[in-house]
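In: Quick one, what's the 3D model for this:
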Amino acid sequence: MAIFGVLRDPEVRVIWLADWISDGGNFVTFIALAVYVNNLTGSATAVGLALALHSIPWFTIGPFAGVLADRMDRRRVMIATNLVRAAVVGSLPFTHHVWQAYVLSLASASLDPVFQPARSALLAQVAPGDRLVPALAVTETTHQVLHTVGPALGGLAVFAFGARRAFFVDAASFVVAASFVATIRPRGRPKATATPALADLREGLAAVARTPAMRSYALLNAGLAFGYGGILALLVVYVRDVIHGPGGEYGLVLSAAGLGTVVTSLAIAARDARHARTPWVLASAAGVGAFVLAWARPSFAGLLPIAFVAGLADAGVGIPMTASIAETMSDDLRGRAYSVTNSMWHLATAAGSVALAWLGEPKRLGPARGLALSGGIGSALGATVLLGGGGWAIARYERTRLASSARSDPPTH
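Out: Got it, this is the predicted structure:
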């Protein structure tokens, strides 16, 4: 595909490779932590809490981290956070009580809101102008491959080493990713500002809120995330207690969801220059709803196609939203815009992980009905945003984007 030509730029390629390495390691910890906490406690709510703790920093310090990304050398921020995360995750195998795992998991997660806005803003510096959107498409599309490979890698790591030792894989990935980022040419800090941090934060929130399409994307993404948070927490319990599979099968089910995301991502990237993103956004609301079929208590094989369809939601909203931020926001606002949308996503995921996992406990609805409820609620929230004007706002933005693109195309003979 032509969009992959942007990888001829060595610095874009470095960011791309660093993403692959660190994301793969992150999925190992994601799977290992869920299995590890479930082994220690046997509780769906405990697993949901472990996943929710990962999201808390995004909606507490996350917005302020976006301000940091717009004020500091983004390359140095990425290197430092990767090295600190390596040390924290490498300590998880030495824990023996669930509260210790919670503390270290929260400490590692607290660095994610610092790293991600800096990474997104640095990419815009590495690939400026008309190279930015192709670079975003490539990095986001290939990132989605990790939704297939990553959970499978996490499941295999748990199979091979056990949940406790698998954390070392993620620690090593952070060190390698930091070494890649260190090869990027320093670009210094963004332009200096004397504005107070709170004023900068308000400016970032206002930038998203006053742009109808971005506001709609952020709300839609959050609604789908609420349902998907419950799905992520309850799947590991469903695999263990309902179909009586080993913990590694949890990762394989998530890999099927990742495969759906990858297929959707490639389709979006191939058509993006001349086709509206709106149909993918509309279909994403239905994707999460596929887990309503969990009410029928499907087998492991039956879960795979359900997860594949649900994977549509991640790419169907994620890629259009990321590209739209790059297209509508100036460089000095992008870090904050990414933080705002990511914070909303993580807040909704955390709430869904805890509330829906609690409802899915065996003494309440049970894992199967809890999964079905999670899928139904996520789909309903997404549909509410779209029918409440979000679909119209996104469609209007897409008409403007495509019209502008058509005007800038060179004439053909």
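In: Name the SS class of residue 179, please.
Out: Secondary structure state of residue 179, per DSSP: H, G, I helix; E, B strand; the rest coil, is helix.
In: can you pull the pLDDT of it?
Out: pLDDT, residue 179: 93.
In: got the contact list for it?
Out: Going by CB atoms under 8 Å, 6 or more residues apart in numbering, residue 179 touches no other residue. All C-beta atoms are positioned from the backbone trio N, CA, C, and that covers glycine.
In: Least confident secondary structure element in the protein?
Out: Of the helices and strands making up the chain, the lowest-confidence element is helix 62-69, at a mean of 74, by mean pLDDT, DSSP states H and E.
In: Take that helix, keep the C-alpha atoms, and write them as PDB.
Out: Presented in PDB, the C-alpha positions along helix 62-69 are these (Å, rounded to 0.1, in the frame of the first residue of the first chain):
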ATOM      1  CA  GLY A  62      -3.700  12.700  32.400                       C
ATOM      2  CA  PRO A  63      -5.000  16.100  31.300                       C
ATOM      3  CA  PHE A  64      -2.100  17.800  33.100                       C
ATOM      4  CA  ALA A  65       0.300  15.300  31.400                       C
ATOM      5  CA  GLY A  66      -0.900  16.700  28.100                       C
ATOM      6  CA  VAL A  67       0.100  20.200  29.300                       C
ATOM      7  CA  LEU A  68       3.600  18.700  30.100                       C
ATOM      8  CA  ALA A  69       3.800  17.200  26.600                       C
END
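In: Strands of this structure, residue ranges please.
Out: Applying DSSP state E to the chain gives no strands.
In: circling back: could you list the residues in contact with the least confident helix or strand of the chain?
Out: Residues from elsewhere that reach helix 62-69, judged by CB under 8 Å, 6+ apart: 77, 113-114, 117-118, 120-121, 197, 200-201, 204-205, 335-340, 342-343, 346.
In: before we move on, what about stretch 360-368?
Out: Residues contacting stretch 360-368 (CB under 8 Å, 6+ apart): 43-45, 230, 233-234, 237-238, 241-242, 294-297, 358-359, 369-371, 373-374.
In: Now residue 288: closest residue in space that isn't a chain neighbour?
Out: In space, and not counting its chain neighbours, residue 288 is closest to residue 378: 3.9 Å by CB to CB, 6 or more residues apart in numbering.
In: Could you list which residues are in contact with that neighbour?
Out: 223, 224, 225, 226, 227, 228, 230, 231, 288, 289, 313, 352.
In: ok, now with 10 Å
Out: Residue 378 sits next to 223-231, 284-285, 287-289, 291-292, 310, 313, 348, 352, 356 when contact means CB atoms under 10 Å, 6 or more residues apart in numbering.
In: can you count the residues close to the residue lying closest to residue 97 once chain neighbours are set aside?
Out: Nearest non-adjacent residue to residue 97, counting by CB to CB, 6+ apart: residue 40, 7.6 Å away. Neighbour count of residue 40, defined by other CB atoms under 10 Å: 18.
In: Repeat that for residue 330.
Out: The local packing of residue 330 (other CB under 10 Å) involves 9 other residues.
In: try residue 236
Out: Neighbours of residue 236 under the rule other CB under 10 Å: 27.
In: got it, and residue 98?
Out: For residue 98, using other CB under 10 Å, the count is 17.
In: if I pick the residue nearest to it when sequence neighbours are not counted, what's in contact with it?
Out: For residue 98, ignoring the flanking residues on the chain, the nearest one in space by CB to CB, 6+ apart is residue 40 at 4.7 Å. Neighbour list for residue 40: 46, 50, 95, 96, 97, 98, 99, 100, 101, 163 [criterion: CB under 10 Å, 6+ apart].
In: export those residues to a markdown table and tack on pLDDT?
Out: Below are the contacts of residue 40 laid out as a markdown table (pLDDT from 0 to 100):
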| residue | pLDDT |
| --- | --- |
| 46 | 81 |
| 50 | 79 |
| 95 | 83 |
| 96 | 81 |
| 97 | 84 |
| 98 | 83 |
| 99 | 85 |
| 100 | 85 |
| 101 | 83 |
| 163 | 77 |
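In: Buried subset of the residues you listed as a ChimeraX selection?
Out: For the buried members of those, the matching ChimeraX selection, counting by 16 or more other CB atoms under 10 Å, is:
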select :46,50,95,98,101,163
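In: of all the contacts of residue 40, which comes closest to residue 27?
Out: Sorting these by how near they are to residue 27, with CB to CB, puts residue 163 at the top with 13.4 Å.
In: That closest one reaches residue 34, doesn't it?
Out: Yes: counting by CB atoms under 10 Å, residue 163 touches residue 34, with 8.6 Å between them.
In: Residue 362 versus the residue nearest to residue 98, what's the distance?
Out: Using CB to CB, to the nearest Å, we find residue 40 at a distance of 18 Å from residue 362.
In: which ones are touching residue 152?
Out: Residue 152 neighbours (CB under 10 Å, 6+ apart): 27, 31, 146, 248, 251, 252, 253, 254, 255, 256, 258, 259.
In: pLDDT check: weakest of those residues?
Out: Least confident entry in the contacts of residue 152, by pLDDT: residue 248, with 65.
In: Buried ones only from the contacts of stretch 360-368, please, as a ChimeraX command.
Out: Remark: buried members of the contacts of stretch 360-368, expressed as a ChimeraX selection using 16+ other CB under 10 Å:
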select :43,44,45,230,233,234,237,238,241,242,294,295,297,358,359,369,370,371,373,374
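In: Identify the residues contacting residue 295.
Out: With the criterion set at CB under 10 Å, 6+ apart, residue 295 makes contact with 365, 368, 369, 370, 371, 372, 373, 375, 376.
In: Next one: the spatially closest residue to the third one that is not a sequence neighbour from residue 374, what distance?
Out: Counting by CB to CB, 6+ apart, the nearest residue to residue 369 once its immediate chain neighbours are dropped is residue 295, at 6.0 Å. Remark: distance between residue 295 and residue 374 (CB to CB) = 11 Å.
In: separation between the nearest residue to residue 347 once chain neighbours are set aside and residue 313?
Out: Computed as CB to CB, 6+ apart, the closest residue to residue 347 that is not its neighbour in sequence is residue 59, at 3.8 Å. Using CB to CB, residue 59 is found at 20 Å from residue 313.
In: Which of the two has more residues huddled nearby?
Out: Just comparing residue 59 and residue 313: by other CB under 10 Å the higher neighbour count belongs to residue 313, 32 against 20.
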